[in-house]
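Participant: quick one, what's the 3D model for this:
(chains A and B)
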Amino acid sequence: MILAENLDQFGKDPWWLVLAKVVVIFAFLVVMTLFAIWYERKVVARMQVRPGPNRNGPFGLLQSLADGLKLAFKEDIMPRLADKVVFFFAPVISTICAFTAFSVIPFGPTVSIFGTHSPLQLTDIPVAVLLVLACSSMGIYGVVLGGWASGSTYPLLGGLRSSAQMISYEVAMGLSIVSVFLVSGTMSTSQIVEGQAGNGTVNIGGWHADLPAWYGILLIPSFLIYFTAAVGETNRAPFDLPEAESELVGGFHTEYSSLKFALFFLAEYVNMVTVSGLCTTLFLGGWRAPWPISLWDGANQGWWPVLWFTIKVLLLLFVFVWLRGTLPRLRYDQFMRFGWKVLIPANLIWILSLAGILLTINSDSLSGPGKFGVSVAIIVAALALGFVAIAMSRRNVTVVEIPKAHPGGRVGGSKGFPLPPMNLEVPPSPRAKLVIAEREPVSTGKEKA
Amino acid sequence: MSLAPYVPILGLFALAAGFALFSVAAAPFVGPRRFNKAKLDAYECGIEPTPQPVGGGRFPVKFYLTAMLFIVFDIEIIFLYPWAVNFGMLGVFGFVEMVLFIVTVFVAFAYVWRRGGLDWD
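Facilitator: Just a heads-up that it's a prediction; the model follows:
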């Protein structure tokens, strides 16, 4: 409750400072997008042992800027069957939602800007995390409307897939954040960062351990579920099914060209930066310096935190690219099954067991060993419940007897033309007389028994 | 509780909206304009485009089911958030209430699961 006063420092900036912060955050996101595209291409290229973009500017750094400029001077096509108004506004919706979500992400502590003391954060509100979730939900409208308004088959299918995928993983993402609220007792981003300050001492049955009080370490399951859901939510590989080019060409933005396409691309990368920024804020201590640097007293003061924040975001972006460079795309049914049947039940069980453990730790009537015992009992019960759920879902699976494939052979006797086997296995070469002699005579259905 | 902290959000919203609208509106004037019939048709890898179905056509009911389930779970999440934030104050009473609530939703979830509502093909 002491922390609640901290929120009072927001909303008191003079108008010019608000304007400056808005412009700086906007510029930060655009530059991060340009950088992230280059970074992704470069890292994937290195993983595939090729140089990647290296022509425009030093190390090819200006490549994405050049691409953006090129897109601006490309022909802007409005398909004949498109719904003109919706087609026009869909990329606008996507872009606005992507940018607005970043307004509550904290960059650093209070600093003095031209004599005005102000936190390095555009603003913070009691329901800040909800604002980010709301913006990402609204962003789905851009995708599904863009796909629908194109008046074309592939974008329609891609848009439907995207929206189904994004809402499914949004549920998992929303549930994974609940545990952070449970521990921190607030939804405001600056207070969540405040809650991760210093070292948390873990006391388990007389055994002490000092850990950084990052929620990513205390709440590892939530952290992992959040990141998995974030990859699904931003349509990134291996969950990039809406853009599965072998099935859907370009997905929902197949019919888009020129700057409208660029806006969708921009929104996708800004969303990536936003979920990484939110992940940093909620789970990785926000702008606070990581362990070896945090020993230095000045690490969490002044402008340095902006650097730590950016480094953490870039590391998370690296993981995004790493996943893309490593994993193949999932099949759609596997992907939806994973979201609904694994992430959501696991999340609910984890939230309830965490709440139980918190109740035990905070209770007055139990002693130290008693608390430890009850906590272990809750964890065991949760794991048992999980295993029962897995066993129950296994029983549902009916094993389909795959009919034995036709072994292949020849139609019309030994002189007839060769018949390929049903399982498309390469049959033994007809020249290998020995092998043919050992095989059983084949029934093709045409000869009488 | 004043609404002052909410105002800067509108600032970023307005800047993003201005940028996006400007880009979308400027695109037709900046780029070349050399249309032809094939360009304006729906893109289907070069073959004749599929005729558009009357009234928007139909799509698999699975998407509708997913959307309905999303609403159920989103509402559950909305109830979970205030509970989580005030967990320290609500104590054992709040915990028991939330267990009952989650179990109730879980029954519906198990039903959908058993009826195959979560299976794709």
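Participant: hmm, stretch A:153-171 touching chain B?
Facilitator: Yes. Interface with chain B: stretch A:153-171 contributes A:153-154, A:156, A:160, A:163-164, A:167-168, A:170-171 (C-beta under 8 Å from any C-beta of the partner chain). In this view, the C-beta of every residue, glycine as well, is placed from N, C-alpha and C.
Participant: I meant to write stretch A:276-287 there.
Facilitator: No. Contact between stretch A:276-287 and chain B is absent, the nearest approach being 12.8 Å (criterion: C-beta under 8 Å from any C-beta).
Participant: any idea how many residues pack against residue 67?
Facilitator: Assuming you mean chain A. For A:Asp67, the count of nearby residues is 17 (other C-beta atoms under 10 Å in any protein chain shown).
Participant: if you could check chain B rather than the one you did, that'd help
Facilitator: 13.
Participant: wait, it touches A:Ile167, no?
Facilitator: Yes. Using C-beta atoms under 8 Å, B:Ala67 is in contact with A:Ile167, at 6.6 Å.
Participant: low-confidence stretches in the chain?
Facilitator: Went with chain A since none was named. Within chain A, the set of residues satisfying pLDDT under 70 comprises A:1-6, A:198-212, A:244-246, A:294-295, A:365-368, A:392-414, A:419-449.
Participant: that's the other chain; I wanted chain B
Facilitator: For chain B, applying pLDDT under 70 flags the ranges B:1, B:52-57, B:121.
Participant: mind checking the SS state of the closest residue to B:Pro8 other than its chain neighbours?
Facilitator: Nearest non-adjacent residue to B:Pro8, counting by C-beta to C-beta, 6 or more residues apart in numbering or on different chains: A:Thr123, 4.2 Å away. Here A:Thr123 is coil, with the state taken from DSSP: H, G, I helix; E, B strand; the rest coil.
Participant: right, is the helix or strand hosting A:Val23 up against chain B?
Facilitator: Secondary structure assignment for A:Val23, by DSSP states H and E: helix A:15-47. Yes. Against chain B, helix A:15-47 shows contacts by C-beta under 8 Å from any C-beta at A:18-19, A:21-23, A:25-26.
Participant: next structured bit after that helix?
Facilitator: Next in sequence after helix A:15-47, counting helices and strands by DSSP H and E, comes helix A:63-72.
Participant: same for that following helix, what does it pack against?
Facilitator: Contact partners of helix A:63-72 among helices and strands, from 3 or more C-beta pairs under 8 Å, 6 or more residues apart in numbering or on different chains; DSSP states H and E: helix A:15-47, helix A:258-283, helix B:7-30.
Participant: pick the most buried one from those helices.
Facilitator: helix A:258-283 (a mean of 25; mean count of other C-beta atoms under 10 Å in any protein chain shown).
Participant: circling back to that earlier point, ok, the residue nearest to B:Pro8 - how many residues close by?
Facilitator: Residues lying near A:Thr123 (other C-beta under 10 Å) number 27.
Participant: could you do B:Val112 as well?
Facilitator: When neighbours are counted by other C-beta under 10 Å, B:Val112 registers 16.
Participant: how far off centre is whichever strand or helix holds it?
Facilitator: Assigned by DSSP H and E, B:Val112 falls within helix B:87-114. Chain-centre distance of helix B:87-114: 24 Å, with C-alpha atoms, centre = their mean, to the nearest Å.
Participant: quickly check: that helix near chain A or not.
Facilitator: Yes. Helix B:87-114 comes into contact with chain A (C-beta under 8 Å from any C-beta), by way of B:87-88, B:91-92, B:95, B:98-99, B:102, B:106, B:109, B:113-114.
Participant: show me the contacts for residue 35.
Facilitator: I'll assume chain A. A:Phe35 makes contacts with A:61, A:64, as judged by C-beta atoms under 8 Å, 6 or more residues apart in numbering or on different chains.
Participant: wrong one, chain B
Facilitator: A:75, A:77.
Participant: for it, which three-state class applies?
Facilitator: Applying three-state DSSP: B:Phe35 is coil.
Participant: state the distance from it to A:Ile77.
Facilitator: Taking C-beta to C-beta, to the nearest Å as the measure, B:Phe35 falls 7 Å from A:Ile77.
Participant: how about the residues of the stretch 101-250 of chain A near chain B?
Facilitator: Counting by C-beta under 8 Å from any C-beta, the stretch 101-250 of chain A sits next to chain B at A:102-104, A:122-126, A:130-131, A:148, A:150-154, A:156, A:160, A:163-164, A:167-168, A:170-171, A:174-175, A:178-179, A:181-182, A:185-187, A:249.
Participant: returning to what we had before: just the buried positions in the helix holding B:Val112, please.
Facilitator: B:87, B:90, B:94-95, B:98, B:102, B:106, B:109, B:112-113 (16 or more other C-beta atoms under 10 Å in any protein chain shown).
Participant: in a strand, A:Ser118, correct?
Facilitator: Yes. When three-state DSSP is applied, A:Ser118 is found to be in a strand.
Participant: which ones are touching it?
Facilitator: Neighbours of A:Ser118 in contact, by C-beta under 8 Å, 6+ apart: A:9, A:12-13, A:17, A:110-112.
Participant: any of these buried? List them.
Facilitator: A:9, A:13, A:111.
Participant: verify the stated contact: the last one with A:Trp303.
Facilitator: Yes. In this structure A:Val111 lies within contact range of A:Trp303 using C-beta under 8 Å: 6.3 Å.
Participant: joint contacts of those two?
Facilitator: With C-beta under 8 Å, 6+ apart, A:Val111 and A:Trp303 have common neighbours A:Leu120.
Participant: what's the burial count for A:Lys371?
Facilitator: Counted with other C-beta under 10 Å, the neighbours of A:Lys371 add up to 18.
Participant: roughly how far apart are it and A:Gly302?
Facilitator: From A:Lys371 to A:Gly302 the distance is 41 Å (C-beta to C-beta).
Participant: again with A:Phe114
Facilitator: A:Phe114 sits 15 Å away from A:Gly302, going by C-beta to C-beta.
Participant: B:Arg33 now?
Facilitator: 52 Å.
Participant: show me which of those two is the more surrounded one.
Facilitator: Neighbours per residue (other C-beta under 10 Å) separate B:Arg33 from A:Gly302, with A:Gly302 holding more: 14 against 9.
Participant: quick check: chain neighbours aside, which residue is closest to that one?
Facilitator: Nearest residue to A:Gly302, sequence neighbours excluded (C-beta to C-beta, 6+ apart): A:Val111, at 5.9 Å.
Participant: name the helices or strands packed onto the strand or helix carrying the one you found?
Facilitator: Using DSSP H and E, A:Val111 falls within strand A:108-113. Contacts defined by 3+ C-beta pairs under 8 Å, 6+ apart place strand A:108-113 against strand A:116-120, helix A:304-326.
Participant: dump the C-alpha coordinates for the first one into CSV.
Facilitator: Read it as strand A:116-120. Output of strand A:116-120 as CSV, limited to C-alpha atoms (Å, rounded to 0.1, in the frame of the first residue of the first chain):
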residue,chain,number,x,y,z
THR,A,116,11.5,18.8,-14.4
HIS,A,117,11.5,15.6,-12.3
SER,A,118,9.6,13.0,-14.2
PRO,A,119,9.6,9.2,-14.4
LEU,A,120,11.0,7.7,-17.6
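Participant: off-centre distance for that strand?
Facilitator: 31 Å.
Participant: buried residues in that strand?
Facilitator: Within strand A:116-120, judged by 16+ other C-beta under 10 Å, the buried ones are A:118-120.
Participant: likewise the last one?
Facilitator: For helix A:304-326, the buried set under the neighbour-count rule, 16+ other C-beta under 10 Å, comprises A:304-305, A:308-310, A:312-313, A:316-317, A:320-321, A:323-324.
Participant: nothing else from me, thank you.
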